[in-house]
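[1] with the input below, show me the fold.
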Amino acid sequence: MDIRKLSETEYEKSLQLSQYAFQYKVKEEDLPRRYEMMKKQEIWGEFENEDLLSKLHILSLEINIENQRFPMGGIAGVATWPEHRRKGSVTRLLHRALLSMKEKGQTISLLHPFNIQFYRRFGWELTASVNKYTLEKSDLVRYPDLPGTVSRLKKKDGNDLLNLVYEEWFHTYNHLLVRTDDWWDNHVFTEGYDRIIYKDKEGTPKGYLCCKVSDRSMDVQEFIYLSEDARRALWNFICQHDSMVDKVKIIAPANDQLPYLISNPRIHQEHYPYFMARIVDVEGFLKQYPFKPNNPAMKISITDEKADWNNGTYSIKENEITRETESDEETLSMDIQTLTVALLGSQKPSFLFECGKIKGNAENVVRFEQIITNKPAAFLDFF
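    Prediction:
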């Protein structure tokens, strides 16, 4: 067996495997665009002679944590031909991907799991969920008219305005993806989705929708607002479709409060575990991490079964990170998954201590919670 990066001449093999594993078909006229997108990715495959057995893609992206940007490796397109499954091929590829991301300085990795328990075995943990709402036509009750305007943007001139809103909105969260112009065009607004923007009475963008209407249903993939007027105005835009649709589906971050704010909160609601993350390089990540100033010195001990370079004890003092040769009774001990969810704001250290994920002194857990983020985690993109 041989594990290596795919060359451009092998992209067809990768695409054939993806189409089989994920059961879709790329149109002939779309192949050049698909191959251009693959050039931006690092694709690793396991080969037997020249036959591709399995593969995965690493996307070079960034996420924000406390308004700082972290290089992130996005794992996507993990697939194996059925006749080669359950032979450890994906395990070997994931280990190689961790090494590659560490070498490139991608201190954290995200992925969308086909099976959460499967990726937990490799150090990833659930960090972001979404709420999925389904509303009936009768739930579309408008507010009185509001100042400002709602308009439909053309593709060529919409991204800058939308990104302005998006990047101000994501300051209230951790974990969100930093979006490039290319990402807006090819991953956010895919075929059939409209860009709807709200501007206040001064003409300042304050909210937007990413939505699509078809088959008497409205699909709202993003409902982003910076003010209550923006929320109400965009909600009114959704309500204006009451003669065209029978249902409206909306995706929102896990801490969203839309049901409370509409006339009938008894809509269908689903809390959906969505994305997973794992710290790739603990020392590198801790050195980037925005710990709160004037923090007391403390030690954390980390175990990582799949990336042994992370195993060890780390001292944190005034944003200075050093590796220690041993731990003591003041050290907090946890595995890589627990450290990841704590530092992203997905779970509070106090909860992780209560359920046995963090071992150590309760007073030190409180101190640890005080020096890390208190913002929640969210993620809306897909790869």
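[2] domain-wise, how is the chain divided?
    2-106, 141-241, 281-371 (automatic domain parsing).
[3] show the average pLDDT along the second one.
    Looking at domain 141-241 alone, the average pLDDT works out to 95.
[4] how about the domains of the chain in CSV, adding distance to residue 135 and mean neighbour count?
    C-betas here are computed from N, CA, C, even on glycine. Shown next, in CSV, are the domains of the chain (distance: least, CB to CB, whole Å; neighbours: other CB atoms under 10 Å):
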stretch, distance to residue 135, mean neighbour count
domain 2-106, 29, 16
domain 141-241, 9, 17
domain 281-371, 28, 17
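[5] I'd like to know which of the ones you listed is closest to residue 252.
    domain 141-241 (6.2 Å; CB to CB).
[6] leaving out sequence neighbours, find the closest residue to residue 48.
    residue 1 (6.1 Å; CB to CB, 6 or more residues apart in numbering).
[7] tell me how far that neighbour lies from residue 347.
    38 Å (CB to CB, to the nearest Å).
[8] still on that earlier bit, distance to residue 117 added to the domains of the chain, as TSV?
    Converted to TSV, these look like this (distance: least, CB to CB, whole Å):
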stretch	distance to residue 117
domain 2-106	14
domain 141-241	21
domain 281-371	12
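[9] out of those domains, flag the one nearest residue 255.
    Across the domains of the chain, closest to residue 255 is domain 141-241 (CB to CB), at 8.8 Å.
[10] check contacts around the residue nearest to residue 48.
    46, 47, 48, 53, 89, 92 (CB atoms under 8 Å, 6 or more residues apart in numbering).
[11] if you set the cut-off to 10 Å instead, what comes out?
    Contact partners of residue 1, counting by CB atoms under 10 Å, 6 or more residues apart in numbering, are 46, 47, 48, 49, 53, 54, 84, 87, 88, 89, 92.
[12] can you check residue 145 too?
    So residue 145 contacts 232, 233, 236 (CB under 10 Å, 6+ apart).
[13] can you flag which of the residues you listed belong to helices?
    Within these, residues falling in helices by DSSP state H are 232, 233, 236.
[14] tell me the SS of the closest residue to residue 177 other than its chain neighbours?
    Using CB to CB, 6+ apart and skipping residues adjacent in sequence, the residue nearest residue 177 is residue 381, 4.7 Å away. Here residue 381 is recorded as coil under DSSP: H, G, I helix; E, B strand; the rest coil.
[15] ok, now which ones touch residue 381?
    Residue 381 neighbours (CB under 10 Å, 6+ apart): 61, 63, 74, 110, 112, 176-177, 179, 183, 187-188, 221-222, 275.
[16] TSV for those residues, including distance to residue 261?
    Below are those laid out as TSV (distance: CB to CB, whole Å):
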residue	distance to residue 261
61	32
63	28
74	33
110	30
112	29
176	22
177	26
179	26
183	29
187	29
188	24
221	19
222	17
275	25
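[17] which parts of the stretch 51-200 of the chain are strands?
    Counting by DSSP state E, counting those that start in this stretch, the stretch 51-200 of the chain has these strands, from start to end: 51-65, 68-80, 108-111, 125-136, 149-153, 194-199.
[18] chain center to the longest one: distance?
    In this case it means strand 51-65. 13 Å (CA atoms, centre = their mean, to the nearest Å).
[19] what angle do it and strand 68-80 make?
    Angle, strand 51-65 to strand 68-80, by axes from the mean of the first three to the mean of the last three CA atoms, to 10 degrees: 160 degrees.
[20] elements contacting strand 51-65?
    strand 2-5, helix 11-22, helix 31-39, strand 41-48, strand 68-80, helix 89-103, strand 108-111, helix 336-344 (3 or more CB pairs under 10 Å, 6 or more residues apart in numbering; DSSP states H and E).
[21] dump stretch 166-174 to CSV, keeping only the CA atoms.
    In CSV, the C-alpha atoms belonging to stretch 166-174 read as follows (Å, rounded to 0.1, in the frame of the first residue of the first chain):
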residue,chain,number,x,y,z
TYR,A,166,-21.3,38.4,8.2
GLU,A,167,-18.0,39.4,9.8
GLU,A,168,-19.6,41.8,12.2
TRP,A,169,-22.2,39.1,13.2
PHE,A,170,-19.5,36.4,13.7
HIS,A,171,-17.8,38.5,16.4
THR,A,172,-20.5,37.2,18.8
TYR,A,173,-19.4,33.6,18.1
ASN,A,174,-16.4,31.3,17.9
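[22] which residues touch it?
    63-68, 70, 127-128, 159, 176-179, 184, 188, 205-208, 222, 224-226, 230, 253, 255, 343-346, 373-380.
[23] same question for stretch 3-14.
    31, 34-39, 41-47, 50-58, 77, 79, 89, 92-93, 95-97, 100.
[24] ok, stretch 22-42 next?
    In contact with stretch 22-42 (CB under 10 Å, 6+ apart) are residues 5-6, 8, 10-12, 14-16, 18-19, 56-60, 73-74, 76-77, 79, 97, 100-101, 104, 114, 182, 186-187, 383.
[25] can you list the weak-confidence ranges in this protein?
    Regions of the chain meeting the criterion pLDDT under 70 cover residues 156.
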